[in-house]
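Asker: All I have is the shape, not the residue letters:
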């Protein structure tokens, strides 16, 4: 009788172990990007060409001006097929349709998607659509500009960060948006600066260095 109980107990333990292994195997998948961390940006994010609006993080350390002595490197984004200067030491993340470059709340994003050459009306409509899904976004008017890479449409907008969970502080971000087109591709370049920070010269240098590949 004791032997029979031992056999039954062993069968039960083997069945339990098999069930545990099955559960662990099914739960091993993940939606995280390869290597972990934050997924690289994509132009389809939020259903908008150019992705969601840039927004600061109130938990980030204070952001200072980009100094006049700042050294710049050349970004070569093979998957997105564009290039642009960016400040040395900034974090660069490249996805299949976009590149994010950042240092604290100094935020730059380039998103590329198929499309016709932009117009002031199309760029304005795109930003207006984005404003309807982004609380606190305030959009300026579009204007035609000429860059070294060709004609572009420039817009401005502002966003307000979520409150810091400890201090309640919010960070307002001023963003210059440039929309460029060439050969059936459209690039949306957002350059964001917290209010009180002066990056005008550095950002002008960056957007003037933009090139299609």
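Answerer: Yes, it's here. Keep in mind the model is a prediction, meaning the values are calculated, not measured.

Asker: Map the structural domains onto the sequence of the protein.
Answerer: The chain breaks down by automatic domain parsing into domains covering 1-30, 45-212.

Asker: could you dump these to CSV with mean neighbour count and mean pLDDT?
Answerer: The C-beta positions use only the backbone N, C-alpha and C, and glycine is treated the same way. Formatted as CSV, the domains of the chain follow (neighbours: other Cβ atoms under 10 Å; pLDDT from 0 to 100):
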stretch, mean neighbour count, mean pLDDT
domain 1-30, 9, 46
domain 45-212, 17, 94
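
Asker: What segments of this protein are helices?
Answerer: Taking DSSP state H as the criterion, the chain carries its helices at 2-26, 120-132, 200-208.

Asker: For the second one, name the packing helices and strands.
Answerer: Going back to what we said before, that points to helix 120-132. strand 138-139, strand 150-160, strand 172-182 (3 or more Cβ pairs under 8 Å, 6 or more residues apart in numbering; DSSP states H and E).

Asker: got the angle between the last one and strand 150-160?
Answerer: I take that to be strand 172-182. Strand 172-182 runs at 160 degrees relative to strand 150-160, counting by axes from the mean of the first three to the mean of the last three Cα atoms, to 10 degrees.

Asker: Name the strands paired with strand 172-182 and say parallel or antiparallel.
Answerer: strand 150-160 (antiparallel), strand 185-194 (antiparallel) (DSSP bridges).

Asker: nearest to residue 56, of the helices and strands packed on helix 120-132?
Answerer: Shortest distance between residue 56 and the helices and strands packed on helix 120-132, using Cβ to Cβ, is found for strand 172-182: 4.5 Å.

Asker: any idea how far that closest one is from the chain center?
Answerer: 13 Å (Cα atoms, centre = their mean, to the nearest Å).

Asker: do the same with stretch 175-191
Answerer: With Cα atoms, centre = their mean, you get 14 Å for stretch 175-191.

Asker: okay, how far is it across that stretch, tip to tip?
Answerer: 5 Å (Cα to Cα, to the nearest Å).

Asker: swap in stretch 167-174?
Answerer: 22 Å.

Asker: So what touches that stretch?
Answerer: Identification of contacts with stretch 167-174 by Cβ atoms under 8 Å, 6 or more residues apart in numbering yields 54-58, 60, 105, 107, 156, 158-164, 192-195.
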